[in-house]
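K.L.:
model the following, please.
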Amino acid sequence: MMEILGSLALILASVLILAVITERFFIPSLDAISTRLKLSDEVAGASLMAMGSSAPELAIALMALLSGGGEHSDVGIGAIVGSAVFNILVITGVSAVVAGGLQIHVYSVRRDIFYYLVSIGYLAMVFFDGQVSLIEAILGLVGYCFYLVFLALFRLAMTRFKKIEVEEAADVAGASEAADQKSLAIAVWHRFETVVETVLQRLMGAPGQNFLWTFLASIALIIVLSYLLVEATIVFSAGIGIPPVIVALTLLAAGTSAPDLIASVDVARAGRGGMAVANAVGSNTFDLLIGLALPWTVALAFQGLGSIHVGMEDLWISIGILVATTLILFVFLETKRVLSRREGWILLLLYAVFVFYSFISGTAV
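P.N.:
Okay, the predicted model is just below:
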């Protein structure tokens, strides 16, 4: 029992500290780097900022792959697939419930959901035979490069036809009517965040000034904490008698996505519903194409592995859930271009069903 409680406490503490490092140090340092490189908002958001918000999932996938000679690679896959389910159902659902409905940018949502479905198709193709080859891994990286080009071309086309400006103006107008009240849970989180940030500030300094050192120190800490998370997940899952991939699909995925949830709720309260949805869908594309493909490429290229085995029993179901929930979200968003509070509750109910089924199926193994 003590081993189970200890590993659970380590998981929770690591997730919380990871969130602070990512939000307060890693992402600001990436922002400073993108400013120095003079990257456009679209490219910076889809590359450096996406890498920042998805750094925990990426590091967990890498550590899981390298741990035990690749024996626990499904933990990293489960964390990313589970995080994608959490983002689609919980982040958009909670944002809609809290804000009383989300007004969205129809063209941006169509763009993001289209390419996200493409990334799910890539995942299904790779997992088809239960083995990941080096060519398949590299294909994911190439796919994300195409996504960056796709974003740039889309931005150019929308600017030309004056659609983005109209939508952004409506977004700003809605923001002026938002309330500044925060829930107790968010207030407690910000309090914890301040305490941890104060301690870490002594080590890493101000991200805006010492951005290179902050960037490197953040990566080192994220890797260490991700390693601890993988090991704690394996111990915890063994203690409660379910496969590690189930814990990764649910507990680990929800924990690493918590900062994105808080950020999306904040912008949803401010009347920027389109940003909340984009944050959920856009980060999923990065997770599937880079968060999985990059660790696979590193392992296959530098460890001399011919291929990487992936267990598909639980992951195939999750891929089906990814497709189904994405299509449900798309239908909800296309109806009057609003994600209503009732639809938000439906998404949350679907996530509860997903978690319940995952644990039931895991305990039956």
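
K.L.:
residues near Arg269, how many?
P.N.:
Neighbour count of Arg269, defined by other C-beta atoms under 10 Å: 21. Quick note: C-beta positions are derived from backbone N, CA and C, even for glycine.

K.L.:
all numbers from here: first residue = 20
P.N.:
In the new count, where the first residue is 20, that last one comes out as Arg288.

K.L.:
okay, Phe230: pLDDT?
P.N.:
We have a pLDDT of 81 for Phe230.

K.L.:
what do you get for Val372?
P.N.:
On the pLDDT scale, Val372 is placed at 90.

K.L.:
ok, now the one 10 residues further on?
P.N.:
Listed pLDDT for Thr382 reads 49.

K.L.:
check Ile265 too.
P.N.:
82.

K.L.:
ok, it touching Phe255?
P.N.:
No: using C-beta atoms under 8 Å, Ile265 is not in contact with Phe255, being 10.7 Å away.

K.L.:
what lies in contact with stretch 262-272?
P.N.:
30, 34, 79, 83, 91, 93-102, 104-105, 248, 252-253, 255-257, 330, 333-334, 337, 374, 377-378, 380-381, 384 (C-beta atoms under 8 Å, 6 or more residues apart in numbering).

K.L.:
that stretch spans what distance, first to last residue?
P.N.:
15 Å (C-alpha to C-alpha, to the nearest Å).

K.L.:
go on, stretch 353-368?
P.N.:
This stretch, stretch 353-368, spans 20 Å end to end (C-alpha to C-alpha).

K.L.:
can you list the buried residues in it?
P.N.:
Residues of stretch 353-368 classed as buried: 357-360, 362-363, 366-367 (neighbour count, 16 or more other C-beta atoms under 10 Å).

K.L.:
from the residues you listed, which land in helices?
P.N.:
360, 362-363, 366-367 (DSSP state H).

K.L.:
including pLDDT, could the buried residues of stretch 353-368 go into CSV?
P.N.:
As requested, the buried residues of stretch 353-368 are arranged in CSV below (pLDDT from 0 to 100):
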residue, pLDDT
Val357, 80
Leu358, 83
Ser359, 86
Arg360, 87
Glu362, 90
Gly363, 89
Leu366, 92
Leu367, 92
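
K.L.:
out of those, the closest to Thr54 would be?
P.N.:
Distance to Thr54 across those (C-beta to C-beta) is lowest for Leu358, with 32.5 Å.

K.L.:
so what's that closest one bridging to?
P.N.:
Applying DSSP bridges to Leu358 gives these bridge partners: Leu121.

K.L.:
hmm, it is touching Leu121, no?
P.N.:
Yes: when contacts are counted by C-beta under 8 Å, Leu358 is listed as touching Leu121 (4.2 Å).

K.L.:
which neighbours do those two have in common?
P.N.:
In contact with both Leu358 and Leu121: 111, 114-115, 292, 296, using C-beta under 8 Å, 6+ apart.

K.L.:
which helices and strands sit right next to the longest helix seen in the chain?
P.N.:
If you go by DSSP H, the chain has its longest helix at helix 230-259. The helices and strands touching helix 230-259, judged by 3 or more C-beta pairs under 8 Å, 6 or more residues apart in numbering; DSSP states H and E, are helix 21-40, helix 46-56, helix 74-85, helix 92-105, helix 203-223, helix 263-266.

K.L.:
hang on, the earlier thing: so which of the shared contacts of Leu358 and Leu121 sits lowest on pLDDT?
P.N.:
Gly292 (67).

K.L.:
which other residues reach stretch 139-159?
P.N.:
Residues contacting stretch 139-159 (C-beta under 8 Å, 6+ apart): 100, 162, 307-309, 311-313, 315-316, 319-320, 325-331, 334-335, 338, 341-342, 345.

K.L.:
tell me which of those fall in strands.
P.N.:
Using DSSP state E, the subset of the contacts of stretch 139-159 located in strands is 327-328.

K.L.:
give me the buried subset of the contacts of stretch 139-159.
P.N.:
Buried by 16+ other C-beta under 10 Å: 100, 162, 307-309, 311-313, 315-316, 319, 327, 329, 331, 334, 338, 341, 345, out of the contacts of stretch 139-159.

K.L.:
most neighbours per residue, which of the helices and strands packed on helix 230-259?
P.N.:
helix 92-105 (a mean of 29; mean count of other C-beta atoms under 10 Å).

K.L.:
elements contacting it?
P.N.:
helix 74-85, helix 230-259, helix 263-266, helix 272-288, helix 332-353, helix 360-382.
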